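**Student:** Build me a model:
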Amino acid sequence: MIGKTAQSLLVIEDSDEDFEALCRVMRREAVINPIFRCTDGDEALDFLYHTGAYTDSQKFPSPSIILLDLNLPGTDGREVLEQIKQDRSLKNIPVVVFTTSSNPKDIEVCYRYCITSYILKPIDINRLVQTIQSFITYWLDIVILPDTVSK
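**Tutor:** Purely as a prediction, here's the structure:
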């Protein structure tokens, strides 16, 4: 069983296929972490700021880690990232960009905003599954996140 229940994951992903692939791998790896999904940038910001449909912070807790697609409808992932990293209450949440964009400018801008990782989504399903497994193992099993350390 991977993960500690205190570590919740917010997946900001508009592709149902990519999200379903992530969920399938997580089920197979017996991940126990709470997983929340937002399908666009505006919904993600509502989740993070506990506004709109996400006012109940018990039901929708602040995430321990964010998996962010850059190419989102409406407010895109780049704008969401900028908002997160400029907010004192959100900026310490690790953000892993998981996107199809290999544009060097996107990579540079994301690291300038202090993301923790930039992962390219493979087109090949077998590579996608391997990449997701690596993400799960590293971020949900190996890494110690700030909110899991006793204060």
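
**Student:** does the most centrally placed residue in the chain count as helix, strand or coil?
**Tutor:** Central residue of the chain (Cα atoms, centre = their mean): Leu67, 1.5 Å from the mean position. At Leu67 the chain is in strand, as set by DSSP: H, G, I helix; E, B strand; the rest coil.

**Student:** Can you tell me the element the nearest residue to it once chain neighbours are set aside falls in?
**Tutor:** Counting by Cβ to Cβ, 6 or more residues apart in numbering, Val11 is the residue found nearest to Leu67 once chain neighbours are left out, at 4.8 Å. Glycine gets a C-beta too; all of them are placed from N, C-alpha and C. Secondary structure from DSSP states H and E places Val11 in strand 9-12.

**Student:** Point out the other helices and strands that that strand packs with.
**Tutor:** Where contact means 3 or more Cβ pairs under 8 Å, 6 or more residues apart in numbering; DSSP states H and E, strand 9-12 is packed against strand 35-38, helix 41-49, strand 65-68.

**Student:** Can you give the distance of the very next helix or strand once past it from its chain's centre?
**Tutor:** Next helix or strand after strand 9-12 toward the C-terminus (DSSP H and E): helix 16-28. Distance of helix 16-28 from the chain centroid (Cα atoms, centre = their mean, to the nearest Å) equals 13 Å.

**Student:** Next: stretch 78-97.
**Tutor:** 11 Å.

**Student:** what distance separates the start and the end of it?
**Tutor:** In stretch 78-97, first residue to last residue: 10 Å (Cα to Cα, to the nearest Å).
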